[in-house]
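Participant: Sequence first, then the predicted structure, then my questions.
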Amino acid sequence: MDNAIIRVLLVDDDEMIRDCVSAYLEDEGFCVHSAASGEEALELITSLRPVVCISDMRLPGILGDEFIIKAHALSPATGYLLHTGMLYSLSDELRDIGMTSDAVLLKPIHDLSKLVNKIKHIAVAGRSV
């Protein structure tokens, strides 16, 4: 699959992380959009219809897991990944929408090719990881 047709939405309140991860994914050929909060991302998700949405857990306003549940209601075909600096076990609500523990990535990701592989897997296989 051509990476250029894979639209990714990155949600993180840390500007440096957003910029670095976005730049890496763009270098890999993905079409990347970003948001600094879950609320901002919810405004974008219906118009963007990303293939994959990568969300931080600790966001201002709504937390990442709550954002994903709301975003899934708006864009159920999107695959979701949590990118977090804290240990996190998926809630039943996230499992109910098809997320698995493989969808939780701990910060910092030292090898961003792992993130690229997860994005490609979601794009090919569908929304769950």
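Facilitator: In hand now; what should we look at? As the structure is a prediction and not an experimental result, all values here were calculated from the model.

Participant: List the residues that contact the residue nearest the centre of the chain.
Facilitator: Centroid-nearest residue in the chain: I54, 1.2 Å away (criterion: CA atoms, centre = their mean). I54 sits next to 8-12, 21, 80-83, 105, 115, 119 when contact means CB atoms under 8 Å, 6 or more residues apart in numbering. Quick note: C-beta positions are derived from backbone N, CA and C, even for glycine.

Participant: Just the ones of those in helices?
Facilitator: With helices taken from DSSP state H, the overlap with the contacts of I54 comprises V21, L115, I119.

Participant: ok, so of the residues you listed, who is nearest I68?
Facilitator: I119 (15.6 Å; CB to CB).

Participant: residue ranges for the strands of this protein, please.
Facilitator: 7-11, 31-35, 52-56, 79-84, 104-106 (DSSP state E).

Participant: before we move on, back to that, mind checking which of the ones in helices among the contacts of I54 are buried?
Facilitator: V21, L115, I119 (16 or more other CB atoms under 10 Å).

Participant: Now render the residues you listed as a markdown table, adding pLDDT and distance to S101.
Facilitator: Below are those laid out as a markdown table (pLDDT from 0 to 100; distance: CB to CB, whole Å):
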| residue | pLDDT | distance to S101 |
| --- | --- | --- |
| V21 | 96 | 21 |
| L115 | 95 | 16 |
| I119 | 96 | 17 |
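
Participant: Can you list the low-confidence ranges for the protein?
Facilitator: 1, 127-129 (pLDDT under 70).

Participant: Go again with 90.
Facilitator: Residues of the chain meeting the criterion pLDDT under 90: 1-5, 85-89, 107-110, 125-129.

Participant: all helices for it, in order.
Facilitator: Secondary structure of the chain (DSSP H): helices located at 15-27, 38-48, 64-74, 92-96, 113-125.
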